[in-house]
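Engineer: Below are the sequence and a predicted model; questions follow.
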Amino acid sequence: MEEVDKILEELGLAYLDLYLIHNPIAFNNENVVTDVDYLETWRALEKCVRDGKIRAIGLANFNMKQIERVMQNSEIKPSVLEVEMHVHFQRGKLVEFCKERGIQVISFSSLTSTKGRLLQTYGSKNEEQNAPKSCPSVFEDPVITEIAKNHQKTNAQVVLRFLTQQYDVCVIPRSLHESRLRENFTIFDFELTNEELKKMCAIDQNLQTVHMPAYRHSPYYPYDEE
């Protein structure tokens, strides 16, 4: 793939450790949806692995049917799946599906998206009226706050610990502040009790914040199914 060669050149690297298909929906250079099958892209990435340009390949924002389709039509199985996952959208069924197939799940938006992030994912301002007007804050949730106080940790640390302990997923929280980045690393020096895990599981609202409805016309739109 020309894109892979360009990335390697720009980074000055001989190979990439991991490369993901960001979305099953294909776009051209003008950001217009095309009907290119994601299997074509996957096969091109498989060639990059065989050529030594990439060590591992994976998927992002794919649903279970799409993952299974890749599995049934590939020589190299996906190493990881990166998806939206947070305490209000826990996705236990999808995580179990991936575990059974040896796919490591990576959680993005692990601390839940903000309203601004939500609107950005909707493709155009015309879709804003369909976006959730607010998203529950993990920093104000009384259940999380109580657990954080018990462990002398921040709410963010408790949420990240919950995702790693309960579901054994990788978490990739984002922050612009060095102190918070350091906090996000310090989540393996405590353990949540079984009772605390149950309380955290109970606040799942199945609240998916990334929908991209402007692209629902794509035959590979992934967000209507788990």
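Structural biologist: Looks like it arrived, so ask away.
Engineer: my guess is Ile172 contacts Ser109, does it?
Structural biologist: No. The pair Ile172 and Ser109 does not pass the contact test of C-beta atoms under 8 Å, sitting 9.1 Å apart. C-beta: built from backbone N, CA, C; applies to glycine.
Engineer: Ile76 looks like it's in a strand, true?
Structural biologist: No. Under DSSP: H, G, I helix; E, B strand; the rest coil, Ile76 falls outside any strand and is assigned coil.
Engineer: what's the neighbour count on it?
Structural biologist: Residues within reach of Ile76, counting by other C-beta atoms under 10 Å, total 16.
Engineer: which non-adjacent residue is nearest it?
Structural biologist: With sequence-adjacent residues excluded and distances taken as C-beta to C-beta, 6 or more residues apart in numbering, Ile76 is closest to Glu46, at 4.9 Å.
Engineer: In contact with that neighbour: list those residues for me.
Structural biologist: For Glu46, the set of contacting residues under the criterion of C-beta atoms under 8 Å, 6 or more residues apart in numbering consists of 57, 74-76.
Engineer: Restricted to buried residues, select these in PyMOL.
Structural biologist: What follows is the PyMOL syntax selecting those of the contacts of Glu46 that are buried according to 16 or more other C-beta atoms under 10 Å:
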select buried, resi 57+76
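Engineer: Which pair in the contacts of Glu46 has the greatest spatial separation?
Structural biologist: Longest distance between any two of those is 11.0 Å, between Ile57 and Glu75; criterion C-beta to C-beta.
Engineer: Please report the distance of Tyr221 from Asn28.
Structural biologist: Look at Tyr221 and Asn28: by C-beta to C-beta, to the nearest Å, they are 17 Å apart.
Engineer: So which residues of the chain form strands?
Structural biologist: Assignment of strands within the chain using DSSP state E yields the ranges 16-21, 26-27, 33-34, 54-60, 80-84, 104-108, 170-171.
Engineer: With just CA atoms, put stretch 18-37 into CSV.
Structural biologist: Provided in CSV are the C-alpha atoms of stretch 18-37 (Å, rounded to 0.1, in the frame of the first residue of the first chain):
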residue,chain,number,x,y,z
LEU,A,18,0.7,-2.4,14.4
TYR,A,19,-1.6,-1.0,11.7
LEU,A,20,-5.4,-0.7,11.9
ILE,A,21,-8.2,-0.3,9.4
HIS,A,22,-9.8,2.7,11.2
ASN,A,23,-13.3,2.1,9.9
PRO,A,24,-15.1,-0.4,7.7
ILE,A,25,-16.5,2.5,5.7
ALA,A,26,-14.1,3.6,2.9
PHE,A,27,-13.5,7.2,1.9
ASN,A,28,-11.7,8.8,-1.0
ASN,A,29,-9.3,11.8,-0.7
GLU,A,30,-12.3,14.2,-0.7
ASN,A,31,-13.7,12.4,2.3
VAL,A,32,-16.6,11.0,0.2
VAL,A,33,-17.9,7.5,1.0
THR,A,34,-17.0,4.9,-1.6
ASP,A,35,-18.1,1.3,-2.0
VAL,A,36,-14.6,-0.2,-1.6
ASP,A,37,-14.9,-3.4,0.3
